[in-house]
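Enquirer: coords please:
(chains A and B)
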Amino acid sequence: MSGERYSFFSLLRETLRGHTGWKPAWRKAAPQKAYDIVIVGGGGHGLATAYYLARRYGLTKIAVVEKGWIGGGNVGRNTTIVRSNYLLPGNVPFYEQSMKLWEGLEQDINYNAMVSQRGVLNLFHNDAQRNAYIRRGNAMRLNGVDAELLNREAVRAKLPFLDFDNARFPIQGGLLQRRGGTVRHDAVAWGYARAADRLGVDIIENCEVQGIRVHDGHVTGLETTRGFIGARKIGLACAGNSSRVAAMAGLRLPIESHVLQAFVSEGLKPFIDCVATFGAGHFYVSQSDKGGLVFGGDIDGYNSYAQRGNLPVVEDVLEGGMALMPRIGRVRLLRQWGGIMDMSMDGSPIIDRTSVGGLYLNAGWCYGGFKATPASGLCFAHLLARDEPHAVATAYRLDRFGKGAVIDEKGMGAQPNLH
Amino acid sequence: MRLTCPHCGPRGLEEFSYRGDATVRRPSLEAPEEDWIAYVYLRDNPCGAHKELWYHGSGCRAWLVVERNTLTHAVHSVNAVSVEDAP
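Expert: Numbers count the residues shown, from 1 in each chain, chains lettered A, B, ... in the order given. Take a look at the predicted model:
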């Protein structure tokens, strides 16, 4: 991975010739006849999978097929937060692996992804919540993850403008993960794409999968809008549309697709230097480098593939924001959008083989897929290359639902819109 | 998106809560385990026409069967739940 394309001198040269000489960062690959492994879905997870397959497992003849342009789905629609503050044994090591990969990502793929470990602060508002966060913090520390309990004064020193004496939800303190933070989401897709491309991965855009060809119980390739592409193994990394693509191979998944909305305000002077979450309603916020407040809340709660939501959730999120920090009352909303989530039946993801030979599934990321991108790619690559689960992803089995081994962080049961 | 409750007329979405796919059916008690696993966990999750259960909690408290397009959010029909619709 050489940096000769981008240097002080190349910048100077291009400045003098009107920036007409820059080359595309990755090839526009046309599909070959056949590949060893084809990844369906050119989002963060699919591109990361392809990168780690080539880089860590030394495989060649890999393609990523994407129905639109890469990074146009949820990796471009999230609120950019990374954290590993999980509670359950099946989840903590996986998300901590992801956190460690984030920490080394920019050196690894030689791309500025603006990884900013500004801290993630979960506020609590009563004794029961404090106890729950102490338990969560202890679970994290037992797994080697950093966690710090802040009292009311420590939170006040950090974020003095919050509504500490709110009559219903006074802020009592918070659980802080200092290593958590934000990452420039688009750069993650572009960085992985460029790094994978340089290792010989074909990234095939505008190539929608229309069928999965199966012979004698084993996949042989994909029918796409750009013709048939042969494949010995196929990895599905198309969260949001997992059910639709898996159905092409006759599979039904424990997943419902739901819409999640996110919001950005107009640009403001810097005033919030971490990610903060409201404990009494569903609202979380950070401030982008451009100054906009990036925030969101709950999913809308009904099956949807629409990539846009409805007004009751907009009102709910903004009420949460006003309850937490009344000073945003006069701030104007700049943009609002929706993305489609694979809501699984226990709120946790799936990285596993399927009942069809050579067909592998990476799905069910609910609204937490972005922070998982590097570990998801690494673990899926491990599964595809070695045919066995990665050590930190052994719990993400597809058959865990039938076996009662669900990973239900929120304890909501088989009701996807409650996770 | 608004739902026209057969009892209350057109109402905003905030009055309703969502249960999910209305086409899943509880298997018989003698049915094999796979049928029960499918009933509890597996869904068709279609992109397009979807028959689903909603509850009018802040209105008449009736359970409703809604036919809706999951891609466009167009609501085709809202009916009070009937015996045949019971899961």
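Enquirer: identify the residues contacting whatever residue of the stretch 151-300 of chain A ends up closest to chain B.
Expert: Nearest residue of the stretch 151-300 of chain A to chain B (CB to the nearest CB) works out as A:Ser243 at 3.7 Å. (Each C-beta comes from the backbone N, C-alpha and C, glycine too.) If a contact means CB atoms under 8 Å, 6 or more residues apart in numbering or on different chains, then A:Ser243 has A:252-253, A:255-257, A:342, B:43-46 as its contacts.
Enquirer: pLDDT score for it?
Expert: A:Ser243 carries a pLDDT score of 97 in this model.
Enquirer: for A:Ser2, same thing?
Expert: What the model reports as pLDDT for A:Ser2 is 48.
Enquirer: and the closest residue to A:Gly44 other than its chain neighbours, backbone torsions?
Expert: Of all residues not flanking A:Gly44 in the chain, A:Val75 sits nearest, at 3.6 Å (CB to CB, 6 or more residues apart in numbering or on different chains). Phi and psi for A:Val75, reported as degrees, to the nearest 10, are phi -70, psi -20.
Enquirer: which residues outside the helix or strand hosting A:Tyr35 are in contact with it?
Expert: Per DSSP states H and E: A:Tyr35 is located in strand A:34-40. Residues outside strand A:34-40 that contact it (CB under 8 Å, 6+ apart): A:46, A:49-50, A:53, A:59-65, A:202, A:209, A:221-222, A:229-238, A:245, A:384.
Enquirer: paired strands for it, with orientation please.
Expert: strand A:62-65 (parallel), strand A:227-236 (parallel) (DSSP bridges).
Enquirer: quick one: contacts for the residue nearest to A:Gly44?
Expert: Residues near A:Val75 by CB under 8 Å, 6+ apart: A:43-45, A:185-186, A:188-189, A:370, A:373.
Enquirer: farthest pair in these?
Expert: Largest separation among these by CB to CB: A:His45 and A:Asp186, giving 14.7 Å.
Enquirer: higher neighbour count, those two?
Expert: Neighbour count, other CB atoms under 10 Å in any protein chain shown: between A:His45 and A:Asp186, A:His45 has more, with 34 against 17.
Enquirer: for the more buried one, give its distance to chain B.
Expert: Noted for A:His45: a distance of 19 Å to chain B, by CB to the nearest CB, to the nearest Å.
Enquirer: just the strands in the stretch 151-300 of chain A please.
Expert: For the stretch 151-300 of chain A, applying DSSP state E, counting those that start in this stretch gives strands covering A:173-177, A:181-182, A:202-204, A:209-215, A:218-224, A:227-236, A:255-267, A:275-278, A:283-287, A:292-303.
Enquirer: mean confidence for the helix or strand just after the last one?
Expert: Note on strand A:292-303: by DSSP H and E, the next helix or strand toward the C-terminus is helix A:311-324. Helix A:311-324 comes out with an average pLDDT of 96.
Enquirer: please pick the buried ones from the contacts of strand A:34-40.
Expert: Among the contacts of strand A:34-40, those classed as buried by 16 or more other CB atoms under 10 Å in any protein chain shown are A:46, A:49-50, A:53, A:59, A:61-65, A:202, A:209, A:221-222, A:229-231, A:233-238, A:245, A:384.
Enquirer: what's the spacing between the residue of chain B positioned farthest from its centre and A:Asn151?
Expert: Residue farthest from the centre of chain B, counting by CA atoms, centre = their mean, is B:Glu30 at 25.7 Å. Remark: distance between B:Glu30 and A:Asn151 (CB to CB, to the nearest Å) = 58 Å.
Enquirer: what residues does chain A put near chain B?
Expert: With the criterion set to CB under 8 Å from any CB of the partner chain, chain A comes near chain B through A:241, A:243-244, A:247, A:252-257, A:301-306, A:310-312, A:315, A:345, A:401-402, A:414-417.
Enquirer: of those residues, just the buried ones, ChimeraX syntax please.
Expert: Of these, the buried ones go into a single ChimeraX selection, burial set by 16+ other CB under 10 Å:
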select /A:241,243,244,247,253,254,255,256,257,301,302,303,304,305,306,310,312,345,401,402,414,416,417
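Enquirer: I'd like the contacts of A:Ser243 as TSV, with distance to A:Arg118 and pLDDT appended.
Expert: Below are the contacts of A:Ser243 laid out as TSV (distance: CB to CB, whole Å; pLDDT from 0 to 100):
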residue	distance to A:Arg118	pLDDT
A:Arg252	41	97
A:Leu253	35	97
A:Ile255	32	97
A:Glu256	33	97
A:Ser257	31	98
A:Asp342	28	96
B:Arg43	38	97
B:Asp44	42	97
B:Asn45	36	97
B:Pro46	41	97
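Enquirer: put together JSON lines for the residues you listed, with distance to A:Ile351 on each row.
Expert: Listed next are those as JSON lines, based on distance: CB to CB, whole Å:
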{"residue": "A:Arg252", "distance to A:Ile351": "18"}
{"residue": "A:Leu253", "distance to A:Ile351": "13"}
{"residue": "A:Ile255", "distance to A:Ile351": "13"}
{"residue": "A:Glu256", "distance to A:Ile351": "19"}
{"residue": "A:Ser257", "distance to A:Ile351": "19"}
{"residue": "A:Asp342", "distance to A:Ile351": "12"}
{"residue": "B:Arg43", "distance to A:Ile351": "20"}
{"residue": "B:Asp44", "distance to A:Ile351": "23"}
{"residue": "B:Asn45", "distance to A:Ile351": "19"}
{"residue": "B:Pro46", "distance to A:Ile351": "24"}
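Enquirer: closest one of these to A:Gly291?
Expert: A:Asp342 (32.0 Å).
Enquirer: so that closest one makes contact with A:Ala239?
Expert: Yes - contact criterion CB atoms under 8 Å: A:Asp342 and A:Ala239 qualify, at 4.2 Å.
Enquirer: what about stretch A:139-146, how long is it end to end?
Expert: In stretch A:139-146, first residue to last residue: 10 Å (CA to CA, to the nearest Å).
Enquirer: buried stuff in it?
Expert: Result for stretch A:139-146 [16+ other CB under 10 Å]: buried residues A:139-140, A:143, A:145-146.
Enquirer: what does that stretch rub up against?
Expert: Stretch A:139-146 is contacted by residues A:84-88, A:92-93, A:96, A:99, A:147, A:177-179 when judged by CB under 8 Å, 6+ apart.
Enquirer: if any of these are buried, put those into a PyMOL selection.
Expert: Listed next is the PyMOL selection for buried residues among these, using 16+ other CB under 10 Å:
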select buried, chain A and resi 84+85+86+87+92+93+96+99+147+177+179
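Enquirer: strands along the stretch 301-419 of chain A, start to end?
Expert: Ranges of strands in the stretch 301-419 of chain A, per DSSP E, counting those that start in this stretch, are A:333-344, A:350-353, A:359-363.
Enquirer: now render the ones you listed as JSON lines, adding mean neighbour count and distance to B:Gly12.
Expert: Below are the strands of the stretch 301-419 of chain A laid out as JSON lines (neighbours: other CB atoms under 10 Å in any protein chain shown; distance: least, CB to CB, whole Å):
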{"stretch": "strand A:333-344", "mean neighbour count": "21", "distance to B:Gly12": "18"}
{"stretch": "strand A:350-353", "mean neighbour count": "24", "distance to B:Gly12": "35"}
{"stretch": "strand A:359-363", "mean neighbour count": "27", "distance to B:Gly12": "33"}
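Enquirer: export these to CSV and tack on distance to A:Trp22?
Expert: Compiled in CSV, these are given as follows (distance: least, CB to CB, whole Å):
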stretch, distance to A:Trp22
strand A:333-344, 28
strand A:350-353, 37
strand A:359-363, 33
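Enquirer: could you pull up the residues touching A:Arg232?
Expert: A:Arg232 sits next to A:35-37, A:219, A:358 when contact means CB under 8 Å, 6+ apart.
Enquirer: secondary structure element for residue 20?
Expert: I went with chain A, as the question did not name one. Using DSSP H and E, A:Thr20 maps to neither a helix nor a strand.
Enquirer: meant chain B, my bad for not saying
Expert: strand B:17-21.
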